[in-house]
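Engineer: Quick check, what structure comes out for this input:
(chains A and B)
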Amino acid sequence: MIIDVDKYIARCRPQWDELSELLERRSRPGEHLSVAEAECLYALYVQASADLSRLRTFAAVPELTRYLEGLISHSYLAIYQLRSRPAFAPWRWFSRHFPGAVRQHFRALALALLFFGLGAVLGGGLLLLLPASKPVLIPFGHLRMDPSERVQQEERRERPLTLPQEGIFASQLMTHNTRVCILSAALGVTFGLGTAIMLLSNGVLLGAVCADYLAAGEGAFLAGWLLPHGSIEIPCVLLAGQAGFVLGAALLGRDSRRHRRLRAALPDFLHIAGGCAVLLIWAGLVEAFFSQHHEPALPYVVKSLFGLAQLLFLMVFLWQRSTPVASLNNTAGADEP
Amino acid sequence: MINEAQAVAIRSPEGLLFRLYPAGLYRRFLALVVDFFLLALLLSQLAMLLAVFAYVGLALRIVLGFVLPLVYHVACEWLWRGQTVGKWLMGIYVCDVDGGQLALSQVLVRNLFRAVDFLPGAYLVGMICAGVDSHGRRLGDLAARTLVVSQQTTWQPSNSSAIQVHRNALRDYPQLALRLRQRLPAELLVLCYQSLLRRDELSAEAQVRVFSALSAALQDIAPFPDELLATLPAEQIVRNAVALAVAERHLAASSSSGGAGR
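Structural biologist: As a prediction, this is how the structure comes out:
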């Protein structure tokens, strides 16, 4: 050994203990350090780092090294904390940041639309060309029925669900759809491949259902049943896909700028995924309390018009240009350290 | 159990270097289990309260079952310096890959990505990813650029514990010590000494590689007993050999300079 560790510990221990005590005090809830104490914390942190450096070079005492590294990493966390934690303004975030992020990554949205559209064409085409493939393309019980039979059955019922049952149905739809959208967006971590597969499979399902009902001449029922909630749900599937592709694009390539791209993409990913979650709450309510009511209680024209109006409103909401995108991004990055 | 090879070197803005030790999968799993049972307890208590409201209560339970775990993890990690109750009990915490505090966006991303890490069930994707990654990160950590690290605060320095560690074990083998003193070439000694001085410039993996190679070179000069190789890491062997040789040469130099004076 090149230094005497015993003497070294005896000399430095009081400072390490003082640093440890300051960190302990700082971590207690509601307790803050004074300016003098914060300055002392910084001085002790620099001193401990120098001690560690000396110890590493001239001696090998693994436990002592780790002890000092623990002290220093905690001091580092305390000293280099976030400069500010901006207050979260929900309405500003939903009305500005969410649409701003959607607009900024328009190409990712177009790509999501392309995959979803391809799936829909594939699903519809397969069902029309190979009707025997219906059980594979549409794996849900009530959708596997003959469309005309289902329409008759739905129209015979005066009230499909009681009001409390509709509430439970709505909460199930909200949580399930949000889960699916989060998964679809997060699968962007597979360089967008998982997201593309999710979009294709959802497109296949929708295309097959639409082709099935249109071929049976039940277009009016389909529009009245699907448009009220689908006008929000389907754009949400596309937006989740957009978020996934934003993430995937940031991860593509092995260059040194990947970390920077990822750091820049994450706030937009969160704005889009979060916006989808909010929209899906509304879609769940509409699907449970409105979409399940059919003629003669509720004319299909009214339901279809409601759905179309909702879709138009959503498009205007997402494409309104009240705030420049660049300034939104600056605000979005405010929580970076 | 701390894995030296997984350690992440952090350089602060002042140029100070320290390492963070990623938490092992076992501790992370136990922390997850603790959080799971805590949330289950909380949800069951809420369910009892919500049972009063019949159908509305049931609807709220469904929503809470989805929202509460997410809110719990996000709120705890954001407000409690990267810790949940489970992580606190297991002595681990989440931090930025640069060793700093987490931004809200990072906390949100790493927790939203649990949906993928959980696939196809029981965190299989997350565990495979953490097993493959050099710093034990699951997909959520990779996307959010975060690390789950050990707190390393249980051991306290004391003189007696240090004495056990810093004794030069090579002195217990006089023949080996003699051979090293006599046969260690000056070039290899300088190389060992320079490697020790510049060790902080190397990554953890490079340190292991360099000191393993130097230790092997020393073993070529003088065969080391198996029990010594089993107990001493390669870097410690190099340090002890350098201390032994430097002390010997220092003594020889001082005695020869003394002789010349006479």
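Engineer: Tell me which stretches of the stretch 51-200 of chain B form helices.
Structural biologist: Here the stretch 51-200 of chain B has its helices, by DSSP state H, counting those that start in this stretch, at B:54-79, B:85-90, B:104-112, B:114-117, B:124-132, B:139-144, B:159-166, B:174-183, B:186-197.
Engineer: Please name whichever of these is nearest to chain A.
Structural biologist: Taking Cβ to the nearest Cβ, helix B:54-79 is the member of the helices of the stretch 51-200 of chain B nearest to chain A, at 3.0 Å. Quick note: C-beta positions are derived from backbone N, CA and C, even for glycine.
Engineer: which of the residues in that closest one are buried?
Structural biologist: B:57-64, B:66, B:69-70, B:72-74, B:76-78 (16 or more other Cβ atoms under 10 Å in any protein chain shown).
Engineer: Repeat that for stretch B:29-45.
Structural biologist: Neighbour count says stretch B:29-45 has B:30-32, B:34-35, B:39, B:43 buried, by 16+ other Cβ under 10 Å.
Engineer: Rebuild these as JSON lines, extending it with distance to residue B:201, pLDDT and secondary structure.
Structural biologist: Formatted as JSON lines, the entries for these read as follows, by distance: Cβ to Cβ, whole Å; pLDDT from 0 to 100; DSSP: H, G, I helix; E, B strand; the rest coil:
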{"residue": "B:30", "distance to residue B:201": "36", "pLDDT": "94", "secondary structure": "helix"}
{"residue": "B:31", "distance to residue B:201": "34", "pLDDT": "94", "secondary structure": "helix"}
{"residue": "B:32", "distance to residue B:201": "37", "pLDDT": "93", "secondary structure": "helix"}
{"residue": "B:34", "distance to residue B:201": "40", "pLDDT": "96", "secondary structure": "helix"}
{"residue": "B:35", "distance to residue B:201": "40", "pLDDT": "95", "secondary structure": "helix"}
{"residue": "B:39", "distance to residue B:201": "45", "pLDDT": "95", "secondary structure": "helix"}
{"residue": "B:43", "distance to residue B:201": "51", "pLDDT": "92", "secondary structure": "helix"}
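Engineer: neighbours around residue A:312, how many?
Structural biologist: 11 (other Cβ atoms under 10 Å in any protein chain shown).
Engineer: same deal with the one 5 residues further on?
Structural biologist: Burial of residue A:317, expressed as a neighbour count using other Cβ under 10 Å, amounts to 15.
Engineer: can you confirm it is in a helix?
Structural biologist: Yes. The assignment for residue A:317 (DSSP: H, G, I helix; E, B strand; the rest coil) places it in a helix.
Engineer: residue in chain A nearest to chain B?
Structural biologist: residue A:164 (3.0 Å).
Engineer: Let me see the contact set for that residue.
Structural biologist: Neighbour list for residue A:164: B:54-56, B:59 [criterion: Cβ atoms under 8 Å, 6 or more residues apart in numbering or on different chains].
Engineer: now with 7 Å?
Structural biologist: Listed by Cβ atoms under 7 Å, 6 or more residues apart in numbering or on different chains, the contact set of residue A:164 reads B:54-56.
Engineer: can you pull the pLDDT of it?
Structural biologist: Note for residue A:164: predicted pLDDT of 75.
Engineer: So what does it look like in phi/psi?
Structural biologist: phi -60, psi -40 (degrees, to the nearest 10).
Engineer: On the C-terminal side of the helix or strand encompassing residue A:55, identify the next helix or strand.
Structural biologist: Per DSSP states H and E: residue A:55 is located in helix A:35-58. Next in sequence after helix A:35-58, counting helices and strands by DSSP H and E, comes helix A:62-79.
Engineer: Mean confidence (pLDDT) on that next one, please.
Structural biologist: Mean pLDDT, helix A:62-79: 82.
Engineer: Tell me which other helices or strands that helix touches.
Structural biologist: helix A:5-27, helix A:35-58, strand B:17-20, helix B:159-166 (3 or more Cβ pairs under 7 Å, 6 or more residues apart in numbering or on different chains; DSSP states H and E).
Engineer: Next, the angle helix A:35-58 makes with that helix.
Structural biologist: 150 degrees (axes from the mean of the first three to the mean of the last three Cα atoms, to 10 degrees).
Engineer: following helix A:62-79, which helix or strand shows up next?
Structural biologist: helix A:90-92.
Engineer: That following helix vs chain B: in contact?
Structural biologist: No. Helix A:90-92 lies apart from chain B when judged by Cβ under 7 Å from any Cβ of the partner chain; the minimum separation is 13.5 Å.
Engineer: Quick check: buried residues in the very next helix or strand once past that helix?
Structural biologist: Going down the chain from helix A:90-92, the next helix or strand is helix A:98-104, by DSSP H and E. Within helix A:98-104, the residues scored as buried using 16+ other Cβ under 10 Å are A:98-102, A:104.
Engineer: Next: stretch B:120-134.
Structural biologist: B:123, B:125-126, B:129-130.
Engineer: neighbouring contacts of it?
Structural biologist: B:6, B:25, B:116-119, B:136-139, B:142.
Engineer: Quick check: end-to-end length of it?
Structural biologist: End-to-end distance for stretch B:120-134, by Cα to Cα, to the nearest Å: 23 Å.
Engineer: for it, the distance to its chain's centre please.
Structural biologist: Here the centre of stretch B:120-134 is set off from its chain's centre by 19 Å, with Cα atoms, centre = their mean, to the nearest Å.
Engineer: Now do stretch B:181-194, average pLDDT.
Structural biologist: Rounded mean pLDDT across stretch B:181-194 is 86.
Engineer: Establish whether that stretch and chain A are in contact.
Structural biologist: No. On the criterion Cβ under 7 Å from any Cβ, stretch B:181-194 is out of touch with chain A, staying 9.6 Å away.
Engineer: in that stretch, what's buried?
Structural biologist: B:181, B:184, B:188-189, B:191-193.
Engineer: Low-confidence stretches in the stretch 101-250 of chain A?
Structural biologist: A:141, A:158-161 (pLDDT under 70).
Engineer: List, one by one, the residues from it near chain B.
Structural biologist: Residues of the stretch 101-250 of chain A lying near chain B (Cβ under 7 Å from any Cβ): A:164, A:167-168, A:170-172, A:174-175, A:179, A:182-183, A:186-187, A:189, A:247.
Engineer: Drop anything exposed from those.
Structural biologist: Applying 16+ other Cβ under 10 Å to these flags A:167-168, A:170-172, A:174-175, A:182-183, A:186-187, A:189, A:247 as buried.
Engineer: Could you pick out which of those residues are located in helices?
Structural biologist: Counting by DSSP state H, these place A:167-168, A:170-172, A:174-175, A:182-183, A:186, A:247 in helices.
Engineer: which residue packs closest to residue 183, ignoring adjacent ones?
Structural biologist: As the question left the chain open, I've gone with chain A. Once flanking residues are discounted, residue A:183 sits nearest to residue B:115: 4.6 Å by Cβ to Cβ, 6 or more residues apart in numbering or on different chains.
Engineer: wrong one, chain B
Structural biologist: residue B:221 (5.0 Å).
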